[in-house]
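Asks: Return atomic coordinates for the entry below.
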Amino acid sequence: MGAGEAGSRRAQEARRQERLLREQWQAARRQALRWKAVGEGEQRVLAQLLVLTARGWRLLVDRRWSGAPTAHADMLLVGPGGVFVVDVKAGGEPRDEQAAELLTATRAAESAVASLGMSPVAVQPLMVFAGRRFDAVLGRIRFLGEHEIGPVLLSQPHRLRAESVRAIADHLERVFPDHVGSAVDQQAPSAPERHRQGAPDGLFDLEGLRDAALKDAMGSPIEQWMTFLHPDQVALVRRNWSGPARISGPAGTGKTVVALHRAAHLARRTTGRILYVTFANNLPRVQSTFLRTMAPAVADRVDFRSLHSWAQEFLQERGVPVRLHGDKAETAFSLAWKNVGREGRLAALDPAPAYWREEIDYVIKGRGLTSFEEYATVHRRRRKASLHRTHRQSVWELYEAYESLRGERGVHDFNDVLSFALAEASRRPEPPPYAAVIVDEVQDLTLVGVRLLHALVGDVPNGLLLVGDGQQTVYPGGFRLTDAGIDIRGDRGQVLRTNYRNSKQILDAALAVVADDAFEDLDGLRTPGRRDVDLTYHEGDVVRVTRPTVEAQDGELLDALRALPDGAPADTALLCPSMRAVGHYQRLLTQAGIPVCQLEHYDGHAVDAVKLGTYRRAKGLEFKNVFLPQHDAVFANGTAADTAGGTETAQTARERAELLRSQLFVAMTRARDLLWLGSIAG
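Replies: Residues are numbered from 1 along each chain as shown. Here you go, the predicted model:
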């Protein structure tokens, strides 16, 4: 077929589509005239919505619709973009009482579809003004003019498949018997009637509808979890808690998904801002992208931040000087270790200064200890080396030497930032800057960090939500929520038990790594490493590749990456235990011509490149395919610890090995469809 013939056919199809759209509009206008209790403007709006029913949408109209104020929604509209609760006004300006009535009707619709597993983010209130051009958002409600309603609805991202639209509409029709299903009658009118009606009403934005439909056709569907959750998860999203609450559960049970939907839910129901905070600095960018896709109307009211970046900005706003300098602080510790640690009792327990730096960071400063007597008696959670009082005296001397040298250099470390922020929040209490604080991966924070976030909202209802799982801890040290003064009572502590991400093969492989590592969760309960979960996904596979050398394994890795289907790199991650290994695989993949995106720079938008980063950077993320080259190097560390002779040095080695296994477990459970495990034999 020549280019001219193809162009002619496209033009014919465009004319056919336009004729069809005009016929649908004429039929919708005839249908709308049956609603004699409302004015001509409201009838035109109804006609616009009726046109959508010819495209697979479902419309339910209040049988009593008269245009008068009512606590019921005029219409319920269900389509690919979700559920829309619609009130139509005959011009004028939006009034507070009208908005309140619309929100009441929206909450009723949310409750109705929650039993189907639909998240509240997919239920949207719309107020439409006949005879006006209007597009604005106030709080949760979007206000539109009659020209804008059609294009806006058709430009919504796809949330629902056709079968879901039918099921939800049927359900709403049963729940709201006062609303009757209405659809455009597409029977062609007679020639005289067609002559009387003439061209479609000039107020109907035909071009805008065509453009919106084209944009809609070109867009790809959003992830299913952005609309549908398990009904138990929806209940958590919508729940009213009387104080601080916690959501926990094994890997893959949807904790972060629930937290994101909760953030959107709270943003729609409060006037204040929502703080969504995590420890890692790459996660906030990704989560912000996801929320903006899920609930664009409220995305600007949720602040996604890493804890330290937020604390630094908070101190700057309060006029508190902070001189954060990690390199100079590290130099101060190295000198302190050289002067008072390297030749003392601590080196006999563990000659690696990193262990004692962690003791200062996560036990002394991380818990906000300010005197030796506090440190001498504190329970060092998740620390395995038994420290007698004399050992703790040596640690305290190292800590004081470090603090002195750091002070001489006039610099602060990351723990100082959190301690200063906590002191400032406690010293100068002001009206809470946030209506709610959601903490994701809470197990990775220090005790001081959790106290700081608790101080922002206190114990107000729905104020603080802590999300995380102690088994997925990737940093040393630990705490209990009671240490932070946080009391999770009764049903304010919820555990998710269904894994929606991993197949049995992948989960069994991951659990085998941590099966012998019992852990203490934030509630203080001792939990076995192998936990029972319900599984819903059964398609994932585990591929194990063992080669005699790193070079041979890397060759197999490249072959496996090249064999992935087109587009698969966008859903693929290669994860490593260290930055040194990340550098190696960055060079390997780049030389092989395989596109790479560092997890450090990944922001949640689709990019056709393999995501590359450390196990720690993969926290809170998931991928269809996960590659873990040289993954079993961690077991060598564990074996060395077990054969070290039972000394206290062996205790610290076992602690490190257990932490590395936890990090490996996190990396393995990121995989949905394929988990590729590389090993070096010998």
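
Asks: May I have the phi/psi pair for residue 573?
Replies: The phi and psi torsions at residue 573 (degrees, to the nearest 10) take the values phi -130, psi 140.

Asks: Pretty sure it sits against residue 670.
Replies: Yes - in this structure, residue 573 is within contact of residue 670 by CB atoms under 8 Å, at 6.4 Å. From N, CA and C alone the C-beta is placed, and that goes for glycine too.

Asks: Quick check: neighbours shared by those two?
Replies: 618, 621, 623, 626 (CB atoms under 8 Å, 6 or more residues apart in numbering).

Asks: Of the residues you listed, keep whichever come out buried.
Replies: For the shared contacts of residue 573 and residue 670, a burial check counting by 16 or more other CB atoms under 10 Å picks out 618, 621, 623, 626.

Asks: For the second one, which non-adjacent residue is spatially closest?
Replies: If I follow you right, that is residue 621. Leaving aside its chain neighbours, residue 621 sits nearest to residue 670 (6.0 Å; criterion: CB to CB, 6 or more residues apart in numbering).

Asks: how many neighbours does that neighbour have?
Replies: 27 (other CB atoms under 10 Å).

Asks: Please list all residues in contact with it.
Replies: Taking CB under 8 Å, 6+ apart as the test, what residue 670 contacts is 573, 575, 618, 621-623, 626.

Asks: Mind doing that once more with 7 Å?
Replies: Applying CB atoms under 7 Å, 6 or more residues apart in numbering, we find residue 670 in contact with 573, 618, 621-623, 626.

Asks: Check residue 341 too.
Replies: 347, 353, 356, 398.

Asks: Let me know the closest of the residues you listed to residue 98.
Replies: residue 356 (64.5 Å; CB to CB).

Asks: circling back: residue 316: which of the shared contacts of residue 573 and residue 670 is nearest?
Replies: The closest of those, once distances to residue 316 are taken by CB to CB, is residue 621, at 29.6 Å.

Asks: Mind pulling up the pLDDT for that closest one?
Replies: You'll see residue 621 listed with a pLDDT of 93.

Asks: heads up, I number from 692, so please use that
Replies: New numbering, starting at 692: the last item is residue 1312.

Asks: So it belongs to a strand, correct?
Replies: No - according to DSSP: H, G, I helix; E, B strand; the rest coil, the state of residue 1312 is coil, so it is not within a strand.

Asks: between the contacts of residue 1361, which is closest to residue 919?
Replies: Using CB to CB, these come closest to residue 919 at residue 1313, 16.6 Å.

Asks: now that closest one: how far from residue 1167?
Replies: 25 Å (CB to CB, to the nearest Å).

Asks: Then residue 861?
Replies: 54 Å.

Asks: again with residue 1317
Replies: For residue 1317 relative to residue 1167 (CB to CB), the value is 24 Å.

Asks: what does residue 958 give?
Replies: From residue 958 across to residue 1167, the span is 35 Å (CB to CB).

Asks: Compare the two and say which one has the larger neighbour count.
Replies: More crowded of residue 958 and residue 1167, by other CB under 10 Å: residue 958, with 26 against 22.

Asks: Number of residues surrounding the nearest residue to the more buried one once chain neighbours are set aside?
Replies: In space, residue 958 comes closest to residue 989 once its chain neighbours are excluded; the distance is 3.8 Å by CB to CB, 6+ apart. Each residue near residue 989 was counted by other CB under 10 Å, and the total is 23.

Asks: On the pLDDT front, check residue 699 for me.
Replies: With respect to pLDDT, residue 699 has a value of 69.

Asks: now do residue 887
Replies: Note on residue 887: pLDDT of 36.

Asks: Identify the bridge partners of residue 1266.
Replies: residue 1304 (DSSP bridges).

Asks: burial measure for it, as a count.
Replies: Residue 1266: 30 neighbours (other CB under 10 Å).

Asks: who's in contact with it?
Replies: By CB under 7 Å, 6+ apart, the neighbours of residue 1266 are 1304-1306, 1309, 1317, 1319, 1358.

Asks: That one and residue 1302, how far apart?
Replies: Taken as CB to CB, the span from residue 1266 to residue 1302 is 8 Å.

Asks: Then residue 1056?
Replies: Taken as CB to CB, the span from residue 1056 to residue 1302 is 33 Å.

Asks: neighbour-wise, which of these two wins?
Replies: Ranked by neighbour count (other CB under 10 Å), residue 1056 and residue 1302 place residue 1302 first, with 25 against 22.
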